[in-house]
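Novice: Need coordinates for the following:
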Amino acid sequence: MSTPDSPALSDLDAVELDILAELRSPEAVATFEMLHSTVRPEAGPRFVELLAIINELSGPNFAVDASLDLLDAVQDSGDLEVVVAAAPTVDDPITALALAQVLRRIRED
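Specialist: Numbering: from 1, shown residues only. As a prediction, this is how the structure comes out:
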């Protein structure tokens, strides 16, 4: 809600506030720093979801948990073509989680 002294938030402002509210782990902060310039209002909910997943898995076993999450998504989707195309980058746990999220979105559509 805006007051006469404060302008209404743009869609992008609202999305960024939602995303910033999800930054609870060092991994989520690093993800936001890496990807924030690519966030558009229509992609905001997906990015917030990704940060929530990262926060859930963050900790000492983050890389292993990210790999297992991707493996689960691949098994559920059966879409190896997308994984093979992204193979050079899936060693990075954040990329693995983002790819898992993409596979889940494809399956939902």
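Novice: Which residue, other than its chain neighbours, is closest to Met34?
Specialist: Ile94 (7.1 Å; C-beta to C-beta, 6 or more residues apart in numbering). Using the backbone N, CA and C atoms, a C-beta is placed for each residue, glycine as well.
Novice: Figure out the helix or strand that the one you found lives in.
Specialist: Element membership of Ile94 [criterion: DSSP states H and E] is helix 93-108.
Novice: just checking, what packs against that helix?
Specialist: helix 26-35, helix 44-57, helix 62-77, helix 80-86 (3 or more C-beta pairs under 8 Å, 6 or more residues apart in numbering; DSSP states H and E).
Novice: Leaving aside the residues adjacent along the chain, what's closest to Ala73?
Specialist: Ala100 (3.7 Å).
Novice: The one you found: what's it in contact with?
Specialist: Ile53, Ala66, Asp69, Leu70, Asp72, Ala73, Val74 (C-beta atoms under 8 Å, 6 or more residues apart in numbering).
Novice: let's see 7 Å
Specialist: Going by C-beta atoms under 7 Å, 6 or more residues apart in numbering, Ala100 touches Asp69, Leu70, Ala73.
Novice: per-residue pLDDT, the last one?
Specialist: It stands for Ala73. Reading off the confidence values, Ala73 has pLDDT 90.
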